[in-house]
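**Student:** Below are the sequence and a predicted model; questions follow.
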Amino acid sequence: MGRIDPFIRELTSDEPVLNWFGMTIVEAHAGMATITLTVDPHQVNGNRMAHGGVVFAVADQAFAMAANTLLHYAATADATIQYLAPSRAGDLLTARARTTYHDDRRAVVDVEVVTADRVVAIYRGTARATRRG
């Protein structure tokens with residue numbers, strides 16, 4: 001495992017969605033993050049491809065981890081995804097997020113989701129700082 005920001009460890013210490021999807025935080029620090037997920041048979045659609053929501057979820061998790069290393073308690077303001085290639089049960093999806101812009105209230109994060117030899121999806125999201133209270 002790589003470096004994981006202490007705030008991310010705290011933030012995800014009781015985050016049931018990670019286990020529910022089967023995601024692993026490989027690294028998350030300094031505006032970047034890597035999340036992995038092996039596609040389970042119950043995560044495929046009728047075409048026997050990973051459901052788009054599963055691919056979006058792993059990209060969104062990487063986005064959130066990268067953004068929250070810079071803006072604690074950030075929330076998604078918007079997100080888009082382009083699906084480029086299919087993935088199937090047994091494929092290891094790796095989502096690599098990199099912050100391309102940030103200030104004290106927002107961050108723009110680009111995520112590439114890959115498996116083996118191909119890019120599965122490209123995701124871009126904007127995070128906004130939230131008030132915690």
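**Tutor:** Nice, I can see it.
**Student:** pLDDT score for R131?
**Tutor:** Per-residue pLDDT puts R131 at 83.
**Student:** quick one: contacts for it?
**Tutor:** If you count contacts by CB atoms under 8 Å, 6 or more residues apart in numbering, R131 has none. Glycine gets a C-beta too; all of them are placed from N, C-alpha and C.
**Student:** repeat that with 10 Å
**Tutor:** Counting by CB atoms under 10 Å, 6 or more residues apart in numbering, R131 touches Y73.
**Student:** Then D103?
**Tutor:** Applying CB under 10 Å, 6+ apart, the residues contacting D103 are L70, L71, A129.
**Student:** any idea how far H102 is from the last one?
**Tutor:** Taking CB to CB, to the nearest Å as the criterion, A129 is separated from H102 by 10 Å.
**Student:** what residues are shared contacts of the two?
**Tutor:** Taking CB under 10 Å, 6+ apart as the contact rule, A129 and H102 both touch A67, L70, L71, A74.
**Student:** most surrounded residue in those residues?
**Tutor:** The residue in these with the most neighbours, by other CB atoms under 10 Å, is A67 (30 neighbours).
**Student:** That one reaches A97, doesn't it?
**Tutor:** Yes - when contacts are counted by CB atoms under 10 Å, A67 is listed as touching A97 (8.1 Å).
**Student:** Could you name every residue contacting both of these two?
**Tutor:** Going by CB under 10 Å, 6+ apart, residues that sit against A67 and also against A97 are A28, G31, A33, V109, G125.
**Student:** Throw those residues into TSV and include pLDDT and distance to D78, thanks.
**Tutor:** Output for these, formatted as TSV (pLDDT from 0 to 100; distance: CB to CB, whole Å):
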residue	pLDDT	distance to D78
A28	98	21
G31	98	18
A33	98	18
V109	98	11
G125	98	7
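**Student:** Of those residues, which belong to helices?
**Tutor:** Assigned to helices by DSSP state H, none of the shared contacts of A67 and A97 qualify.
**Student:** you'd agree T115 is up against A89?
**Tutor:** No - with contact defined as CB under 10 Å, T115 does not reach A89; the gap is 11.5 Å.
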